[in-house]
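Trainee: any chance you can model this:
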Amino acid sequence: MRFIKWASIATVGVAVNLLSLWACAITQEPKLTSPNGTFERLVQKVHLGPRPFYLVDDMDEGWLKNKLKKCSRGPYRKSSFSIGHRGAPMQFPEHTKESYIAAARMGAGILECDVTFTKDRELVCRHAQCDLHTTTNILATELAHKCAVPPLFDAEGKLTNGAEIRCCASDITLAEFKTLHGKMDAANPAATSIEEYMSATASWRTDLYSGRGTLMTHAESIALFDELGVDFTPELKSPQVVMPFEGEYTQQQYASQMIQEYLTAGVDPKRVWPQSFNYEDVIYWINQHSDFAEQAVYLDGVYDTSVTQAQMQQWVDDGVRVLAPPMWMLLDVDAEGKVVPSQYALNAKAVGLKLITWTLERSGLLKDNGGWYYQSINGGDGGEDVISKDGDMMEVLHVLANDVGVIGVFSDWPATTTFYANCMGIK
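Mentor: Below is the predicted model of the structure:
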């Protein structure tokens, strides 16, 4: 993976926009003025905060903990090993400008925009086509009645269908979409009021930074990421409406439109890692957009760890070069109780596939074993449970990087992956 050492920012004048102010705050060295009067930053000062060090302190004693402790002083630089999953959604509303900037400040070298489309077929950043009811304030606006399944109330004004509400980006136009604000992804399906329905953030997250959640189009995310000097991993989301949409907007048009927005912006394809759970999307990019083929990422959502080396070889023969399964598919526990690469991981490496994985910092407190993302090493699939505390996260990260050999890790709090990458010399 590559990252940009030089990135232009807006001209500083009397009226300075907020992004320029932020960029000024994070520079580690004085900026140089180029002949045309613009400023370029040489080194980005990364802000990690206390969390990575809390995780290290929580580790079992041993050589890895000692090594990581020696990295506590920094300085830290951004790394393409550290991928901002929807930005930094552990504490910021996902896929918002604020979340993306936070992730870049924490040293993420690559940021993700999950791409879906509005009613007028404009591309926007949302984790799912139909998640506006949980990730935005749409239910508190006049647009609620446009939802595919709008909220319903009884004669006493109590919400009656919390479990069925469904609001999609494709229900509204881009202009309407841009009037909304992002919130922490959460909902209470048993709620009897809209306020109660929307106020359901998990205890291990926070609403402290949800006062301003600026939604973004895909094109706006490209401009912002370029301004921040980071690379791009757009995910083409599986449509939750019948395709062709309204009888004429096809899946291939949708897939091509996403790539075209990078071409229109003049982005080097080597900075883009387009991804999809839909194998046909990936093959379409490989065949129709060859400049993007080498870094087209197949997200494995089949979750079949018994897939054979021969099947993976077929993926390679089809042109796939990068595979991205969830963390648990790449991990196992050996007879001595150590976390080791799974057979799935060994098969992938044997056929030459590059590996990216997801998602660190998305499981809450690991004293509760980490749930779905750790199921192959926390007893979830019937095997041995070796997950008991937050510090175990760093042990898992080390196995993924050092033994499995992943080239990037998605994280909901990129400071953790940035810290590890810096400590281990991973650019």
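
Trainee: and the strands in the stretch 101-250 of the chain?
Mentor: Here the stretch 101-250 of the chain has its strands, by DSSP state E, counting those that start in this stretch, at 108-111, 114-117, 123-125, 231-232, 235-236.

Trainee: which strands and helices sit next to the last one?
Mentor: Here strand 235-236 is seen to pack against strand 114-117, helix 251-264, strand 275-276 when contacts are counted using 3 or more CB pairs under 8 Å, 6 or more residues apart in numbering; DSSP states H and E. In this view, the C-beta of every residue, glycine as well, is placed from N, C-alpha and C.

Trainee: also the second one?
Mentor: Applying 3+ CB pairs under 8 Å, 6+ apart, one finds that strand 114-117 contacts strand 123-125, strand 235-236, helix 251-264.

Trainee: residue contacts, the residue lying closest to Asp392 once chain neighbours are set aside?
Mentor: Distances taken as CB to CB, 6 or more residues apart in numbering put Leu366 closest to Asp392, at 5.7 Å, once the chain neighbours are dropped. Shown in contact with Leu366 (CB atoms under 8 Å, 6 or more residues apart in numbering): 374, 387-390, 392-393.

Trainee: re the thing from before, out of the helices and strands packed on strand 235-236, flag the one nearest Glu361.
Mentor: strand 114-117 (17.2 Å; CB to CB).

Trainee: pull up the pairing partners for that closest one, direction included.
Mentor: When pairs are called by DSSP bridges, strand 114-117 turns out to pair with strand 123-125 (antiparallel), strand 235-236 (parallel).

Trainee: could those go into TSV alongside mean neighbour count, distance to Leu353 and mean pLDDT?
Mentor: Listed next are the strands paired with strand 114-117 as TSV, based on neighbours: other CB atoms under 10 Å; distance: least, CB to CB, whole Å; pLDDT from 0 to 100:
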stretch	mean neighbour count	distance to Leu353	mean pLDDT
strand 123-125	26	27	99
strand 235-236	24	18	98
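
Trainee: in JSON lines, list those strands along with distance to Gly157.
Mentor: Below are these laid out as JSON lines (distance: least, CB to CB, whole Å):
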{"stretch": "strand 123-125", "distance to Gly157": "32"}
{"stretch": "strand 235-236", "distance to Gly157": "39"}
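
Trainee: count of neighbours near the residue lying closest to Thr118 once chain neighbours are set aside?
Mentor: Distances taken as CB to CB, 6+ apart put Leu174 closest to Thr118, at 4.7 Å, once the chain neighbours are dropped. For Leu174, the count of nearby residues is 16 (other CB atoms under 10 Å).

Trainee: from Asn66, how far out is Leu174?
Mentor: As judged by CB to CB, to the nearest Å, Leu174 and Asn66 stand 52 Å apart.

Trainee: in the sheet, who's paired with the nearest residue to Tyr262 once chain neighbours are set aside?
Mentor: Excluding its sequence neighbours, the residue lying closest to Tyr262 (CB to CB, 6+ apart) is Val272, at 5.4 Å. Counting by DSSP bridges, Val272 forms beta bridges with Phe232.

Trainee: how close does Val272 get to Met106?
Mentor: Remark: distance between Val272 and Met106 (CB to CB) = 21 Å.

Trainee: next: Ala128.
Mentor: 24 Å.

Trainee: go on, Val302?
Mentor: 31 Å.

Trainee: more crowded one of those two?
Mentor: Per other CB under 10 Å, whichever of Val302 and Met106 has more neighbours is Met106, with 27 against 11.

Trainee: for the more buried one, give me its contacts.
Mentor: Taking CB under 8 Å, 6+ apart as the test, what Met106 contacts is 46-49, 82, 84, 88, 413-415, 418.

Trainee: point out where the stretch 51-200 of the chain drops to low pLDDT.
Mentor: Nowhere does the stretch 51-200 of the chain drop to pLDDT under 70.

Trainee: number of nearby residues for the closest residue to Arg105 other than its chain neighbours?
Mentor: Leaving aside its sequence neighbours, Arg105 sits nearest to His47 (CB to CB, 6+ apart; 5.1 Å). Using other CB under 10 Å, the number of residues around His47 comes to 15.

Trainee: tell me where the stretch 251-400 of the chain has helices.
Mentor: Under the criterion DSSP state H, counting those that start in this stretch, helices of the stretch 251-400 of the chain are mapped to 251-264, 279-288, 309-317, 343-350, 392-398.

Trainee: against which helices or strands is the shortest one packed?
Mentor: Think helix 392-398. Going by 3+ CB pairs under 8 Å, 6+ apart, helix 392-398 lies up against helix 51-57, helix 63-69, helix 415-423.

Trainee: for these, could you give me a markdown table that also reports mean neighbour count?
Mentor: Shown next, in a markdown table, are the helices and strands packed on helix 392-398 (neighbours: other CB atoms under 10 Å):
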| stretch | mean neighbour count |
| --- | --- |
| helix 51-57 | 19 |
| helix 63-69 | 15 |
| helix 415-423 | 26 |
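
Trainee: of all these, which lies closest to Asp334?
Mentor: helix 63-69 (17.0 Å).

Trainee: which element follows the closest one toward the C-terminus?
Mentor: The C-terminal neighbour of helix 63-69 among helices and strands, as given by DSSP states H and E, is strand 79-84.

Trainee: picking up where we left off before, need the helices and strands packed on helix 392-398 in TSV with distance to Gly383, can you?
Mentor: Converted to TSV, these look like this (distance: least, CB to CB, whole Å):
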stretch	distance to Gly383
helix 51-57	24
helix 63-69	22
helix 415-423	25
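
Trainee: out of those, which is closest to Ala102?
Mentor: Going by CB to CB, the one of the helices and strands packed on helix 392-398 nearest Ala102 is helix 415-423, 9.4 Å.

Trainee: give me the contacts around that closest one.
Mentor: Contacts of helix 415-423 (CB under 8 Å, 6+ apart): 46-49, 51-53, 55, 67-68, 70-71, 74, 76-79, 81-83, 106-108, 360-361, 393-394, 397-398, 401, 409, 411, 426-427.

Trainee: how's the protein carved up into domains?
Mentor: Split into domains by automatic domain parsing, the chain comes to 46-113+216-423, 128-198.

Trainee: deepest-packed of these, please.
Mentor: domain 46-113+216-423 (a mean of 20; mean count of other CB atoms under 10 Å).

Trainee: ok so, going back, now the helices and strands packed on strand 114-117 in TSV, with distance to Asp291?
Mentor: Listed next are these as TSV, based on distance: least, CB to CB, whole Å:
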stretch	distance to Asp291
strand 123-125	19
strand 235-236	17
helix 251-264	9
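
Trainee: who wins for proximity to Val149 among those?
Mentor: Using CB to CB, the helices and strands packed on strand 114-117 put strand 123-125 closest to Val149, at 20.0 Å.

Trainee: pull the distance from the closest one to the chain's centre.
Mentor: 14 Å (CA atoms, centre = their mean, to the nearest Å).
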